[in-house]
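In: Predicted model and sequence below, questions to follow.
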Amino acid sequence: MKEHKLHAIQDMDSLYAAQEKIYAREAKGRFQTLRKIAAWILLGGFYLVAWLPWDDRQAILFDLPARQFHILGLTFWPQDFFFLAWLLVIAALALFFFTALAGRVWCGYACPQTVWTEVFVAMERWVEGGRRDQIRLSKMSWKKPERIRKVLAKQALWIAFALWTGFTFVGYFTPIRELGYNILITLSSSEYLLGPWETFWVLFYALATYGNAGFLREQVCLYMCPYARFQSVMFDSNSLIISYDEERGEPRMKGKERKQAGDNAGDCVDCNMCVQVCPTGIDIRDGLQYECITCAACIDICDDVMERHDKPKGLIRYTTENALNHKPSKIWRPRTVIYGILLFCLTLGLALSIGLRSSLDVEVLRDRNAFFRVVDEQHIANVYTLKILNKTESAQRYQIAVSGLEGASVEWVHGQQVAAGEMGTLPIRIVAPTKSLKGFSQTIELRIREIAPQSGGQSVQRETRFFGPEAAR
Amino acid sequence: MNQRIDTNKLNRIKRRILWRRIGIVSWISFLFAALASVIFFAMFDPEHLSHVTTFPIDLSRMQGYSFGFLLFWLLTASCGTTVAWMMNLPIAKLRRPLPTLQDDE
Ligand code: SF4
Ligand code: SF4
C-alpha cells in the first residue's frame, strides 16, 4: 500500500517534469478534416448567431438586466429556472451516454477548449510555419528581426481574435449591435459609452480565451478539466477508443533492422510520427492513456505512413477494447440502453413541457385579516390576493370566473392588468349570497383567463376556500 | 551513489506544481461560482436585494450580477486555495527520491 502511494507520487513527478512545450506536427487526413468541419460549424455558429435578428430583437439574448432569456421565439423568466436545471441534467446525461458509446468524441471534436485551441494553433502555423520552423524560431535570438516580426504578428492575430471572442460572448448578454456601436464610438471619439462591467467582461473573456487556447492548450485537458478525470468511469470495454494495434504493429522496427527481419517485422515502422503529431505529447503505442483527447491526429498521420509503405491503413484506429481482443463489440448494452431511454424521455418531456407552458402563472392568497365580511343581510364577501405572473411580451388584462358557489360574483379591487413580464399583485373580492353557502367553509374554483387582444387567451384554474358564518343558514 | 540534488530542476518542478495548482483552483472555483450565481440570481433579483442589505448599496442589476459572481468566486477560490494548501503535505514527509543531475538530459 505504502509503496503504491510512493509510486503514484513519483509518477506525478515525472508527469510534472515531462511537460515542456509541445511542438505538434500538423497531421492531415479524414479525421482532421472532420474536426475542421466541426470547428467551422461550432465557431461559425458562435460568432454569427449573436447577430441573428428575430422580430425586433436579437434571436438569442440572455438579457440579464431585464431578467429574461430570449431563445428564438421563446422567452424564459426566472420562474422557468426549472427548465434550465432540467436542461443541465439532460446535458450531463448526454455526456454520459456519448462517452459510453463513443469515448471522448466530445474532447476531440466539440469541446470549446479543443476548438479554440485548434484556431490558435492554426494561426500559429500560418505565421510561424510547421513544427520544424517553430522549433527553429524558438531557438533564434531575440535580436533577429525575423523572430520579433513573427512573434508580433502571431500575438497580434491572437489578441485580435481573443478580443473579438470576448465581444461576441458579451454580445449574448447585452444586445450585440448596441454593444458594437458603443465600442466603435468609444474607440473613435473620446466619449466613453461602454459600461464598466461590459468592458470588464469583454476583456475577461478575451483573456480567458487567450490564456486557455493560446497559452495553456492541452494542459487544460491534462490538469484542469474535471471531465478528463471522470470520463474513465463512464467507459467500458465496448466504448470507442483510439488505439494502436499492438498485435499487428509489434515488433516495431525501422531501417536496416527492418530489412533484415523481413516478414518477422511488425507493421509499425517506428517513424515516431504518431508521437510528433500528438498535441498532448504521448505515445499512443503505450496503450490507452488518460491524456489522450482522441483528436485522431495519430490515426491520420499513421494512415499516411502505412499508405506510403504499401500496408493496410488502420494500424492506429478507432476501435474498442473488445474488438482488440477479438470479441464482438456491442453498441446496445445495459448501460447505453438505460442512458439512451432516460435521455430520450427527459428530452421529450422538456420539449413537451416547454411547448405546453402556460403564459401566466397564478397564486391565490387568502386575506389573513378576516375570514369573511358581511356585505348586507343576504351577502357575504371574501377577499383574496392574486399574484399573477404575466409571461407574455405585452400587457395583459385578466378575467376571472368562479365556480362551485351558486350566485357568486367577482370584483377586482384595483384593476385587472399586469404589465409585460411582471408579477402583478391584484386583490379581488368574491361576493356570494349567504343562502348558497353550505357550511363554514367550502372549496371554490377560480379560472383566470387572459383577455388582452394579442393574447392566446390562455387560462389557469386554481382552487381556494370560501368562508362564511357558522350558522350560515 | 553520490546523488547530487539538482536544485534548479527541483525548483522548476516546484514552480510548475504551484502554477498547476493555481490553474486548477481558479478554474474549478470559477465553475462552481458560476453555478452558484446562476442558482442564486434565479431566486433573487439583485435590484430588490440591494434595498434590504445591512449597508445600503446602490447597484444596478448588471453590477449586482457581476459583484455577486465575483464574490462567489472569491469565496470558492478561497475555499479551494485553503484545501489545496492543507492537502500539500510537507515535502520531506513524502521521502521520495529527488531528481538528480544524471537523469537530466
Ligand atoms: S479533456 Fe476536457 S478540456 Fe480537454 S478536450 Fe476533453 S473536455 Fe475539453
Ligand atoms: S494519442 Fe490521442 S491525443 Fe495523441 S494524437 Fe493520438 S488521438 Fe490525439
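Out: Yes, it's here. Numbering: from 1, shown residues only, chains lettered A, B, ... in the order given. Ligands and ions are numbered 1, 2, ... in the order given.
In: how much space between A:Ile388 and ligand 1?
Out: According to Cβ to the nearest ligand atom, to the nearest Å, A:Ile388 and ligand 1 sit 44 Å apart. From N, CA and C alone the C-beta is placed, and that goes for glycine too.
In: Check which helices and strands the helix or strand harbouring A:Val337 is in contact with.
Out: Secondary structure assignment for A:Val337, by DSSP states H and E: helix A:334-355. Contact analysis of helix A:334-355 by 3 or more Cβ pairs under 8 Å, 6 or more residues apart in numbering or on different chains; DSSP states H and E lists helix A:81-102 as its packing neighbours.
In: is any part of the helix it packs on close to ligand 1?
Out: No: counting by Cβ under 6 Å from any ligand atom, ligand 1 has no neighbours in helix A:81-102; the shortest distance is 9.1 Å.
In: touching ligand 2 at all, that helix?
Out: No: against ligand 2, helix A:81-102 shows no contacts by Cβ under 6 Å from any ligand atom, the least distance being 13.4 Å.
In: Okay, angle between that helix and helix A:334-355 too, please.
Out: Put simply, helix A:81-102 runs at 150 degrees to helix A:334-355, going by axes from the mean of the first three to the mean of the last three Cα atoms, to 10 degrees.
In: Figure out how far helix A:81-102 is from the centre of its chain.
Out: The chain centre lies 10 Å from the centre of helix A:81-102; the measure is Cα atoms, centre = their mean, to the nearest Å.
In: mean confidence for it?
Out: On average, the pLDDT along helix A:81-102 is 91.
In: CA atoms of it as CSV?
Out: Output of helix A:81-102 as CSV, limited to C-alpha atoms (Å, rounded to 0.1, in the frame of the first residue of the first chain):
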residue,chain,number,x,y,z
PHE,A,81,-35.4,28.2,-13.8
PHE,A,82,-36.6,24.7,-13.5
PHE,A,83,-36.2,24.2,-17.3
LEU,A,84,-32.6,25.3,-17.1
ALA,A,85,-31.9,22.8,-14.3
TRP,A,86,-33.7,20.1,-16.4
LEU,A,87,-31.6,21.1,-19.4
LEU,A,88,-28.4,20.7,-17.4
VAL,A,89,-29.5,17.2,-16.3
ILE,A,90,-30.0,16.3,-19.9
ALA,A,91,-26.6,17.7,-20.9
ALA,A,92,-24.9,15.6,-18.2
LEU,A,93,-26.8,12.5,-19.2
ALA,A,94,-25.9,13.1,-22.9
LEU,A,95,-22.3,13.4,-21.9
PHE,A,96,-22.5,10.0,-20.1
PHE,A,97,-24.3,8.4,-23.0
PHE,A,98,-21.9,9.6,-25.7
THR,A,99,-18.9,8.8,-23.6
ALA,A,100,-20.1,5.2,-23.0
LEU,A,101,-20.9,4.9,-26.7
ALA,A,102,-18.1,6.8,-28.5
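In: For the residue nearest to the spatial centre of chain B, give its distance to A:Thr209.
Out: In chain B, the centroid-proximal residue (Cα atoms, centre = their mean) is B:Val25; its distance is 3.0 Å. Plainly put, B:Val25 is 20 Å away from A:Thr209 if you go by Cβ to Cβ, to the nearest Å.
In: With A:Ile60 instead?
Out: Counting by Cβ to Cβ, the gap from A:Ile60 to A:Thr209 is 20 Å.
In: Neighbour count: these two, which is higher?
Out: A:Thr209 (23 against 16; other Cβ atoms under 10 Å in any protein chain shown).
In: Tell me the secondary structure at that one.
Out: When classified by DSSP: H, G, I helix; E, B strand; the rest coil, A:Thr209 comes out as helix.
In: so A:Ser436 sits right up against A:Leu405, yeah?
Out: Yes: with contact defined as Cβ atoms under 8 Å, A:Ser436 counts as touching A:Leu405 (6.1 Å).
In: So the two - more neighbours on which side?
Out: Set side by side, A:Ser436 and A:Leu405 show more neighbours around A:Leu405, with 20 against 15, by other Cβ under 10 Å.
In: ok, back up a step: next SSE after the helix holding A:Val337?
Out: Using DSSP H and E, the helix or strand that follows helix A:334-355 in sequence is strand A:360-366.
In: Using CSV, write out the CA atom coordinates for the next helix or strand after that next one.
Out: Next helix or strand after strand A:360-366 toward the C-terminus (DSSP H and E): strand A:373-376. Output in CSV follows, covering the C-alpha atoms of strand A:373-376 (Å, rounded to 0.1, in the frame of the first residue of the first chain):
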residue,chain,number,x,y,z
ARG,A,373,-67.1,40.2,5.6
VAL,A,374,-70.8,40.7,5.8
VAL,A,375,-71.9,42.9,2.9
ASP,A,376,-75.6,43.1,3.7
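In: helix or strand for the residue nearest to the centre of chain B, which one?
Out: helix B:7-43.
In: Pull out the buried residues from stretch B:72-79.
Out: Neighbour-count burial for stretch B:72-79 flags B:Phe72, B:Trp73, B:Thr76, B:Ala77 (criterion: 16 or more other Cβ atoms under 10 Å in any protein chain shown).
In: Understood, closing this out.
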